[in-house]
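**Q** need a 3D model of the following:
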Amino acid sequence: QVRVVESGGGLVQPGGSLRLSCAASGTIFEIYSMAWYRQAPGNQREFVAATTNGGTTRYADSVKGRFTISKHVAKDTVYLQMNNLQPEDTAVYYCNIPRPDSTWVGGDEYDYWGQGTQVTVSS
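**A** Numbering: from 1, shown residues only. Predicted structure coming up:
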């Protein structure tokens, strides 16, 4: 059974930083890419960042220059370093593992998802 476990969320003041982690286990296929999505209250889930084993990355325009995604290939672990956090970054952040037949940036409802970790940016 596939397990996707996030950690690292919390409360931070505007301008602060947090680092999210996500570890995957139990897959029967090679994980080629991993991604982060987020959902704020009243909003749809939105793409944040994605990365492949080869180091290709993609970011949402709203986080470019502030967030950095990285992946430990051997451990099937992905990180999201979030700097200069702003109140609009407040959301539940979800780790996503695309299925082998999905697009590498993920987001499909049939992909593997973690349970989410809350990030709150407030003074």
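**Q** ok, and what's touching stretch 29-43?
**A** Applying C-beta atoms under 8 Å, 6 or more residues apart in numbering, the external contacts of stretch 29-43 come out as 20, 22, 24, 45-53, 69, 71, 76, 78, 80, 88-100, 104-107, 116, 119. Placement of C-beta: from N, CA and C, glycine included.
**Q** filter those residues down to the buried ones.
**A** Buried by 16 or more other C-beta atoms under 10 Å: 20, 22, 24, 45, 47-52, 69, 71, 76, 78, 80, 89-98, 105-107, 116, 119, out of the contacts of stretch 29-43.
**Q** out of these, which sit inside strands?
**A** 20, 22, 24, 47-52, 69, 71, 78, 80, 91-97, 119 (DSSP state E).
**Q** who's the residue nearest to the spatial centre of the chain bridged to?
**A** Nearest to the geometric centre of the chain sits Trp36, at 2.1 Å (C-alpha atoms, centre = their mean). As for beta bridges, Trp36 partners with Ala49, Cys95 under DSSP bridges.
**Q** look up how far Ala23 lies from it.
**A** 13 Å (C-beta to C-beta, to the nearest Å).
**Q** got it, and Lys71?
**A** Separation of Lys71 from Ala23 (C-beta to C-beta): 11 Å.
**Q** anything in contact with each of these two?
**A** Between them, Lys71 and Ala23 share the contacting residues Thr77, judged by C-beta under 8 Å, 6+ apart.
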